[in-house]
Each structure stands twice: as structure tokens, then as C-alpha cells.
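Visitor: Sharing a sequence plus its predicted fold:
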Number of protein chains: 2
Amino acid sequence: MIIAVDAAGGDFYPANPIEGGLLALTENPDLQIIFVGPESMVRDELSKHTYDEQRVHVQDAPEIIGMEDSPSSAVKNKRNSSITIGIGMHKAGKCHAFVSAGNTGALLAASIFILGKLEGVSRPTIAAYYPTLKGFRLLVDAGANLELKPEMAVQFAKMAQVYSQAIMGIESPKVGLMNVGEEDEKGTENTKEIHSALKSLEGFIGNVEGRDIFPAKADVFITDGMVGNILLKFGESIPDALFKMVHSAFSQVQLDEKEIKNVQTVLKTALNPFNYENVGGLPFLGVNGVSIVGHGGSSALAIKNMIKAAVDCVESDINGKIVASLN
Amino acid sequence: MIIAVDAAGGDFYPANPIEGGLLALTENPDLQIIFVGPESMVRDELSKHTYDEQRVHVQDAPEIIGMEDSPSSAVKNKRNSSITIGIGMHKAGKCHAFVSAGNTGALLAASIFILGKLEGVSRPTIAAYYPTLKGFRLLVDAGANLELKPEMAVQFAKMAQVYSQAIMGIESPKVGLMNVGEEDEKGTENTKEIHSALKSLEGFIGNVEGRDIFPAKADVFITDGMVGNILLKFGESIPDALFKMVHSAFSQVQLDEKEIKNVQTVLKTALNPFNYENVGGLPFLGVNGVSIVGHGGSSALAIKNMIKAAVDCVESDINGKIVASLN
């Protein structure tokens, strides 16, 4: 198994992608990694580590796509970036998957333009892992498709069900449609049409509300990319906000140093469900390949887990299963 | 000042509305309360308390609108409910405001049908208090208008600015448009049009994202009722989810009883920003009157604070200020 890793993506490149890639190698003896990025930068960073040289390769990609670059123009104009070269290698069969903590829009655009769509897929989607009291569940779409149409919603739901089952180990994934109320007739005309279209889907449990996310009333929460992206970013901001709220609470509650430390330990443990490092990245579902994007702030551990998710996708033939479920 | 209180609304009527109303009387010597609901039920509950009988009135309203009743049919068919009678009394000038912890949709429908709209308002809106690190801020629309148009967004923003300033004491309220990115060109065609329309508004700071809510990057977060309602209900579910996460953390971190109690005290204090009791209810902005709805689970304290918010709205002539800001 060969996985290409974007060595020039995210807020902490090249250190974190390279450390993460090497961690993945120690965990999986059948793995080879191709680091894609400016060659001298990658080799400099690699020289700080010891590793099995037989299993580590470097592909030069001198251009850098920044986090703020416009996705489609970056893909068109920076043909020698790690994202375009990495996805191009995947298209050419030189690796089984590509993972990046870089510009999400650019990776999505490159994945759709270069890899193309799976048979029967009208629009690929970004599925986001969302923290719940039962562990991570999927929120789909997380920002790739700001408007949702009924047939898209059905495809997104089916693809997310396949992913939940094959990669997340959820046996019979339940699908809920994010809405303002539980009753069938709630929502906009468009939401009602989506609801009708989803009715015949196995596992569809109807409308779900904002309060149903944390208890994981559904395993797959279907929504448009506007709601999904706002919820995703809001959710990511919860742990930091809570730590700040707890910090101000310390001034109101009399505690000694040891007690403060206890509270912080409990809180850190309690907020583990929010720890994206454990899942690493967000899969693009519906593209003809395996392409995973991670949080810009991805740690080495997060990168390692993105690589693991990519390996799981390849080994479980996720795309074959998606095509079978759609056709 | 006379405030009518729905004695037959919410999950805990008549106990909480009546206790809350009587609490408000002790706090504000210039206040009179009219409890609206089935007369014998109200009088039975009142008999459990001692209070100044000169300042407490009862208006019989034998019908009950349940939390699950369809709003418009409830208002049309249950003409003797506390909501329709209470709003009718407000329309007739028999009280200065009406507050209820009952069916939000029914109260909104009754407010619009019976009180009508303020001069120049195209659509009334529900503004939700949202917890942030700087205290509550407004999220508008919270579910009354599932689709947002540019001219509505501008009106909602202006009305929320007036409310933030007059009632919440925020001097120059900043307005942000909820979106998937900060750049002007982000979002759907509709979002871009709304963005353009808001550009000339004083205090508009541009697009904001999900991660900008907790730091209160804006004082007024403008969004459609679908996003607003999902975020509102999600936000309300955070404290309970966190207590559950902390509870499971206790099994992983070795703490004695006293230490566990410390953590719970800190957490409870830390989560105070989420305590809706302090603000009581959500104001309807743009109706020709003062009508405030509270959480179904409102405590007596929450009801008392809803009444205080209603008094503030009347005393500050919030509606005169809204009309002036729109015209």
C-alpha cells in the first residue's frame, strides 16, 4: 500500500505531515509513503528523523497552495503544487490515496477535476466527523455543496452510510435530516422535498433537530453545506470556549492548585470526544479515488490517523461499495 | 405598568408562571400582573402564595394550547386560549406586554395576526439570546423565517441592533452575516446578495463563521431561520452533553468525592453563560406590541426575567426606536 502525503499543506508543514507519515510507517509494516512537496524542504525535514529509507519516497512539487488561495484558480494556476501533483499521481496509479492538511477547497477541486466522479454520483460531498456522546458521527455535507437538492441528499446519505459502516464500524447507520422540527411537514419547500425523497431510504429516521446531534439520534446527519459548515466550525470552537469559561470560573470558586489541576484533567478527558486527532481528516465521498483532507492545525498524530483512514478506505474498497449502493 | 403572563404555557404551568410573576412583583413595586389561564386553576395556584392582591389580576382563558399544537390552527381554533386572550388584551390596551413560556409558533402567529406589524416592517423575526464568552449576544432569525431575503436581513439587523443597544446595553452593536467563510464572495447567490445589502449598514463587519460565535466577533449574528434554529437548539444541548461527558470522565480519572464535587461546582459556574434563566425569553421583533416567549422549561426565575425584559422593552420604547431606525 502506497499513500501520498502532502508535505506542504496545513499550518505546520513540513514538520507535522512528515512526522505523521513516519509514525504511520511504524504502525503499519506494509505501508510506503510518498511525501509530496518542495524536494529540498522535504529532505531537510526528513534528515531530522531516522526511518526505513526503502519505504519513504519524495516527489518534488515546488509550488505551494496557501490556505487562503482561491481553490479553483489555485488548482488551475499552480500545476506544480503538492495537491495537483499528489492527486495527479493518484490518478496515474502511482499511489493508492492522497492525504493533505492543506486547502480544503483546492483539494476538493483537484479531486473532482483530476480524479473525476464515481459512476452514478451527481455531486461529490465532504463528510465531517462530528463529536457526539456515542463517539464521532457523520455530518454531510460539510461545505462542498451549499445548496442541497433531493437527489443529492439521497446520494450523500447512501455514501455516508457506506462510509459509516465500512470505516466507522456502525452496523446499520441511521440517517436523519437536519430541520427545525421533527414533524414531516417542517421546514422549507426544499427541505420537505428532500424529506420525501429520503423516505424510501433504508435507515431514514426522519427529521432531526439541533438538540439531536450530541445524543447521536442519527448516525448520519444530512444537511446542506451552509448549515454543515457553520455547525462544523462552531463544534470545533467548543473545547476552547469551554476551557476559557472554566478558566474564568476559577476566579469565582475557591480552589487550591491541586484542585485546579484536577478540574483541568477531568475537563481534558471529558472533551476527548472532540479530539479530531483520533480521526484525522474528512473524506471526500463520490470522487473516483481516495482523497482525505485534514484540519489545517493537524498534529502529527492527526496526520497518522488520516493515513490510517486512507488505508482503511482502500482496503475496504469503499468506492466499490459506494458504486454498488448507488446503482 | 401592567404585564400579562401566560399562566397556562410551558412545561411547568401553572406553578412556574405564577411563582415567576409574583417574584417580579416583589422586585418591581410599580408592576401589576394579569395571570391569563383557566380561572380556577390560576386561583388554586395563587392560593398557595401570599401576595399583594391589589396588584394581581386573573383573566379567565379556559382553552389550553399545547406545545405540540400546530401554531396557526391553534390560534384560529382556540380563541379562548391564554395566548389569544392575552395577546387580545394587549391589543386592546389592557396591558403593556404579554409573556409566555408556551408554544412559540402559536405566540408568534397570534402576535402577528392580532397585534400586526410595526410601520415599515416587512417580516417580524424571533431574536435568540446566544451564549458567548462575552455574555449573551443575538442570533437572528431563530426560526420564524426559514428563508432570508436581502431586505429582510437588513431589517432584522437594524431591529436587533436597536434591541441590543436598548435592552442589552451594547453600545455600538456589530452585525455579522453567518457564512462558510469570511471573504465577501463566499456563500450562495442569496448569501452574496444579503451581504451586498448589509454593506451599507452601520456596524456591519462582514461575513462571520461558526467559530466566531463563542468569541462574540459580532453582537448580532444574522442568518436564516433554518441555521438559526438548528444552532439555537444545538447550543441549548451543550451544557447537558458536557455534564454527561464529564460524568464519563470521572470513571477514567481517579478522584475522591470532594474532588468530584469541586469539578461539578466549577463546571456549573463555568457554564453560567448558557443559563437562559438570566434572560428569560426571546423577543419577537417587528410586531406592534411587546410579546416575549420563553423556553418551555422556564423556571420561575426565567419567567421573572422575561417579565423584566418586557418591562424594559416598554420603558425604553423599543418599538418607537425600531420604527425610527427603519424609516
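Guide: Everything's here; your move. Residues are numbered from 1 along each chain as shown, chains lettered A, B, ... in the order given.
Visitor: Assign the residue of the stretch 1-150 of chain A found nearest chain B to helix, strand or coil.
Guide: Nearest residue of the stretch 1-150 of chain A to chain B, counting by Cβ to the nearest Cβ: residue A:146, 4.9 Å away. (Glycine included, C-beta is placed from N, CA and C.) Using DSSP: H, G, I helix; E, B strand; the rest coil, the three-state assignment for residue A:146 comes out as coil.
Visitor: Excluding sequence neighbours, find me the nearest residue to it.
Guide: residue A:225 (4.4 Å; Cβ to Cβ, 6 or more residues apart in numbering or on different chains).
Visitor: I'd guessed the one you found sits against residue A:140; true?
Guide: No - assessed by Cβ atoms under 8 Å, residue A:225 is found out of contact with residue A:140, at 9.2 Å.
Visitor: the more surrounded of the two?
Guide: Neighbour comparison, residue A:225 and residue A:140: the larger count goes to residue A:140, with 31 against 22 (by other Cβ atoms under 10 Å in any protein chain shown).
Visitor: Would you agree that one is in contact with residue A:229?
Guide: No - proximity of residue A:140 to residue A:229 does not meet the contact threshold set by Cβ under 8 Å, at 11.4 Å.
Visitor: and the helix or strand encompassing residue A:226, which residues are buried?
Guide: According to DSSP states H and E, residue A:226 maps onto helix A:225-250. Within helix A:225-250, the residues that qualify as buried are A:225-239, A:241-242, A:245-246, A:249-250, counting by 16 or more other Cβ atoms under 10 Å in any protein chain shown.
Visitor: Could you list every helix and strand in contact with that helix?
Guide: Under the contact criterion of 3 or more Cβ pairs under 8 Å, 6 or more residues apart in numbering or on different chains; DSSP states H and E, helix A:225-250 touches strand A:125-130, strand A:137-140, helix A:257-270, helix B:225-250, helix B:257-270.
Visitor: Residue A:3 - how many residues pack around it?
Guide: Neighbour number of residue A:3 under other Cβ under 10 Å is 26.
Visitor: partners of it in the sheet?
Guide: On the basis of DSSP bridges, residue A:3 is bridged to residue A:33, residue A:97.
Visitor: so what's it up against?
Guide: Applying Cβ atoms under 8 Å, 6 or more residues apart in numbering or on different chains to residue A:3 gives the contacts A:21, A:24, A:31-34, A:95-99, A:307, A:310-311.
Visitor: So which bits of the stretch 1-150 of chain A are right by chain B?
Guide: A:133, A:143, A:146, A:147 (Cβ under 8 Å from any Cβ of the partner chain).
Visitor: most surrounded residue in those?
Guide: Greatest neighbour count in the residues of the stretch 1-150 of chain A next to chain B, by other Cβ under 10 Å, goes to residue A:143: 23 neighbours.
Visitor: hang on, isn't it packed against residue A:127?
Guide: No - in this structure, residue A:143 is not within contact of residue A:127 by Cβ under 8 Å, at 10.6 Å.
Visitor: quick one: residue A:159 from residue A:125, how far?
Guide: With distances taken as Cβ to Cβ, to the nearest Å, residue A:159 is found 7 Å from residue A:125.
Visitor: Overlap in contacts, these two.
Guide: Shared contacts of residue A:159 and residue A:125 (Cβ under 8 Å, 6+ apart): A:140, A:285, A:286.
Visitor: Now do the same for the last one: its pLDDT.
Guide: As summarised for this prediction, residue A:286 has a pLDDT of 98.
Visitor: State the number of residues packed around the residue in the stretch 51-200 of chain A that chain B sits nearest to.
Guide: Nearest residue of the stretch 51-200 of chain A to chain B (Cβ to the nearest Cβ) works out as residue A:180 at 4.2 Å. Around residue A:180 there are 24 other residues, counting by other Cβ under 10 Å.
Visitor: my read: it touches residue B:225, true?
Guide: Yes - between residue A:180 and residue B:225 there is a contact under Cβ under 8 Å: 6.8 Å.
Visitor: who touches both of those two?
Guide: B:143, B:146.
Visitor: Residue A:201 falls within a helix, correct?
Guide: No - assigned with three-state DSSP, residue A:201 falls outside any helix and is coil.
Visitor: quick one: low-confidence parts of chain A?
Guide: Filtered on pLDDT under 70, chain A yields no residues whatsoever.
Visitor: so what's the backbone phi/psi at the one residue sitting closest to the centre of it?
Guide: Geometric centre of chain A, nearest residue: residue A:282, 0.7 Å, by Cα atoms, centre = their mean. Dihedral pair for residue A:282: phi -110, psi 130, per degrees, to the nearest 10.
Visitor: same check, this time on residue A:294
Guide: Residue torsions, per degrees, to the nearest 10, at residue A:294 are phi -110, psi 170.
Visitor: Contact partners for residue A:91?
Guide: A:114, A:115, A:289.
Visitor: If you could redo that for residue A:159, that was the one I meant.
Guide: Contacts of residue A:159 by Cβ under 8 Å, 6+ apart are A:121, A:125, A:127, A:140, A:285, A:286, A:322, A:325, A:326.
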